[in-house]
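Peer 1: Structural data only, the sequence is not supplied:
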């Protein structure tokens, strides 16, 4: 079966500190991988997506970056966090085939203080 | 640009009543539509996926219909239970593998 792991579940970081959120997928090869941010009342915002190792597309210019060092690993990073980076971050994947469903991890609640 | 709307943003129903949630989208050229459930502080759980060629999908007490030409999908939850309380989101896949999400319907089932 396919599963997706995302950690940590919660994180409190000071302004200016670095960030690294990790997401891994099991049970499928060459998935499409996604990072979303969810803000209250504003819905889901796509941050990055990847169709393969080293292939990253950015949807919104911001203080964040993403990397895909392995086929089933997706990392969201920042060198210096801003207060505005606080939010709920969700990793997701699909199998990259037409019509395949999207599956989400449990999310990371990031609070920048 | 594809826009997805879910109205109302929040609703309450007494336990046992059927739930009807609506999702509308502006561009009918979609590949599929997916319904999700989200509990507070958690990720999204996939409920049903309807391909563009399908009219409906069913899973247990859940039934989702799709009318692509009118840009609408409806999620029915039969005989609602307090455990059905959650936020329900719909998403459409369109264009070059793009996804557009609604903001969700926050549902409370009152015992």
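Peer 2: All right, it came through fine. Keep in mind the model is a prediction, meaning the values are calculated, not measured.

Peer 1: At which residues are the strands of chain A located?
Peer 2: Counting by DSSP state E, chain A forms strands over residues A:3-7, A:10-13, A:19-26, A:32-39, A:43-52, A:55-58, A:65-70, A:73-78, A:87-94, A:103-104, A:108-112, given from the N-terminal end onward.

Peer 1: Would you reformat those strands as TSV and include distance to residue B:48 and mean pLDDT?
Peer 2: Just so you know, the C-beta spots here come from the backbone N, C-alpha and C atoms, and that holds for glycine as well. Below are the strands of chain A laid out as TSV (distance: least, C-beta to C-beta, whole Å; pLDDT from 0 to 100):
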stretch	distance to residue B:48	mean pLDDT
strand A:3-7	19	94
strand A:10-13	30	97
strand A:19-26	22	97
strand A:32-39	20	94
strand A:43-52	18	93
strand A:55-58	28	92
strand A:65-70	29	96
strand A:73-78	25	97
strand A:87-94	15	96
strand A:103-104	13	96
strand A:108-112	26	96
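
Peer 1: want to try a markdown table for these, with mean neighbour count and distance to residue B:38 as columns?
Peer 2: Written out in a markdown table, the entries for the strands of chain A read as follows (neighbours: other C-beta atoms under 10 Å in any protein chain shown; distance: least, C-beta to C-beta, whole Å):
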| stretch | mean neighbour count | distance to residue B:38 |
| --- | --- | --- |
| strand A:3-7 | 17 | 14 |
| strand A:10-13 | 14 | 17 |
| strand A:19-26 | 18 | 17 |
| strand A:32-39 | 22 | 9 |
| strand A:43-52 | 19 | 10 |
| strand A:55-58 | 13 | 25 |
| strand A:65-70 | 15 | 23 |
| strand A:73-78 | 20 | 20 |
| strand A:87-94 | 23 | 10 |
| strand A:103-104 | 22 | 9 |
| strand A:108-112 | 18 | 13 |
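
Peer 1: closest one to residue B:52 among the ones you listed?
Peer 2: For these, the distance to residue B:52 is smallest for strand A:87-94, at 15.8 Å, taking C-beta to C-beta.
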